[in-house]
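*Asks:* Structural data only, the sequence is not supplied:
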Ligand SMILES: NC(=O)C1=CN([C@@H]2O[C@H](COP(=O)(O)OP(=O)(O)OC[C@H]3O[C@@H](n4cnc5c(N)ncnc54)[C@H](O)[C@@H]3O)[C@@H](O)[C@H]2O)C=CC1
Ligand SMILES: [Mg+2]
């Protein structure tokens, strides 16, 4: 092999190696399963299924934590058989990811009535006894799940909910048909393709340099405050949404903004939360709360926020009838936004 060929070979080998990294292989595999029903059907044979009932995941308790059990295709077929159901119902499942070893993960809801007659709702108590677990509302269980299960079940619930709500074509009124992976639905009469919807939402932590602005909606748990949030309007950039939401909800004008992070949020529907830090001019900080959107909003000092971040639940009513000031849990992106602000303030107040 000449020197040139040797170098070329090494380069080629390097690029092959790079292309075949676990992450790339995994994403290509998932892409194939979404595009090819036969490949997806094959993946079900060796895959694992997470079960839901009426959009509530099946969970088991272990050491004060919830864990989501997986079932093989064989176990699922046996279970459906025991309840007099056709195994064809498994085709209602949706693909939600795969392991590093390319074991595909699916989610199936046994409690939703599908437009097809094979999918009648199965009795929840009987299923729970058989499966040695409980179907628990995801919102209530989320904080007691590990990060991987929380993310997987959130994706699964969002996808299952979307399929449940989009069984008919909005143009023809005909039933739509899902592909096996559940990444789309097609209307057989006009070939319109429907893809799962995600609503972009901005969440903004406003600061005046020393304090940050937190607000409450009347629907929040008692005592909890969070950053300002709002759905993007059609035609807006996310930066425009930040400026509009801050003006709309608290009557302030944003001077500068900085992107922080993003997060999928499954409640009440699927949102993509896009988080920003924003500043207002120090002299223009008078809040005018829009009471149609918020219950209240106020400025909080670094000390108040840092103390609240350390506070651990449960948040019980105090003797004077009020609830302590507390912040969204770690899992919510608003927590990350607030924590980042506290850390920045702490480091900027340290002597150089
Ligand atoms: N993960 C987190 O840390 C947090 C998440 N959130 C989420 O952010 C979302 C938006 O916050 P809000 O203050 O409620 O938004 P918002 O300030 O835009 O007000 C909600 C109103 O916007 C309208 N709206 C416009 N487009 C909508 C759409 N696609 N879906 C539903 N309503 C739409 C409706 O009239 C609704 O009543 C909420 O769903 C909430 O769950 C809110 C705070 C923290
Ligand atoms: Mg809002």
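*Replies:* Cool, got the structure. What you are looking at is a predicted structure, and each value in this text was computed from that prediction instead of being measured. Numbers count the residues shown, from 1 in each chain. Ligands and ions are numbered 1, 2, ... in the order given.

*Asks:* The closest residue to residue 71 other than its chain neighbours in helix, strand or coil?
*Replies:* The shortest distance from residue 71 to any non-neighbouring residue, by CB to CB, 6 or more residues apart in numbering, is to residue 49 (4.7 Å). (Each C-beta comes from the backbone N, C-alpha and C, glycine too.) Here residue 49 is recorded as strand under DSSP: H, G, I helix; E, B strand; the rest coil.

*Asks:* Kindly tell me how buried residue 49 is, as a neighbour count.
*Replies:* Per other CB atoms under 10 Å, the neighbour tally for residue 49 reads 23.

*Asks:* repeat for the one 5 residues further on
*Replies:* By the criterion of other CB under 10 Å, residue 54 has 15 neighbours.

*Asks:* before we move on, what about the one 5 residues further on?
*Replies:* Residues contacting residue 59 under the criterion other CB under 10 Å number 23.

*Asks:* I'd like the distance from it to residue 140, if you could.
*Replies:* Per CB to CB, to the nearest Å, residue 59 is found 10 Å from residue 140.

*Asks:* How confident was the prediction at the residue nearest to residue 71?
*Replies:* At residue 49, the model reports a pLDDT of 98.

*Asks:* which residues sit in contact with it?
*Replies:* Residue 49 sits next to 70-73, 76, 90, 93, 105-108 when contact means CB atoms under 8 Å, 6 or more residues apart in numbering.

*Asks:* and these, which are buried?
*Replies:* The neighbour-count criterion (16 or more other CB atoms under 10 Å) marks 71, 73, 76, 90, 93, 105-108 among those as buried.

*Asks:* can you list the residues you listed in a markdown table and add distance to residue 283, secondary structure and pLDDT?
*Replies:* Listed next are the buried ones among the contacts of residue 49 as a markdown table, based on distance: CB to CB, whole Å; DSSP: H, G, I helix; E, B strand; the rest coil; pLDDT from 0 to 100:
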| residue | distance to residue 283 | secondary structure | pLDDT |
| --- | --- | --- | --- |
| 71 | 61 | strand | 98 |
| 73 | 65 | helix | 98 |
| 76 | 63 | helix | 96 |
| 90 | 63 | helix | 96 |
| 93 | 57 | coil | 97 |
| 105 | 53 | strand | 98 |
| 106 | 56 | strand | 98 |
| 107 | 52 | strand | 98 |
| 108 | 57 | strand | 97 |
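
*Asks:* which one of these sits closest to ligand 2?
*Replies:* The shortest approach to ligand 2 among the buried ones among the contacts of residue 49 belongs to residue 107, at 29.7 Å (CB to the ion).

*Asks:* For that closest one, give me its contacts.
*Replies:* Contact analysis of residue 107 by CB under 8 Å, 6+ apart lists 49-52, 93-94, 96, 153, 156-157, 159-160.
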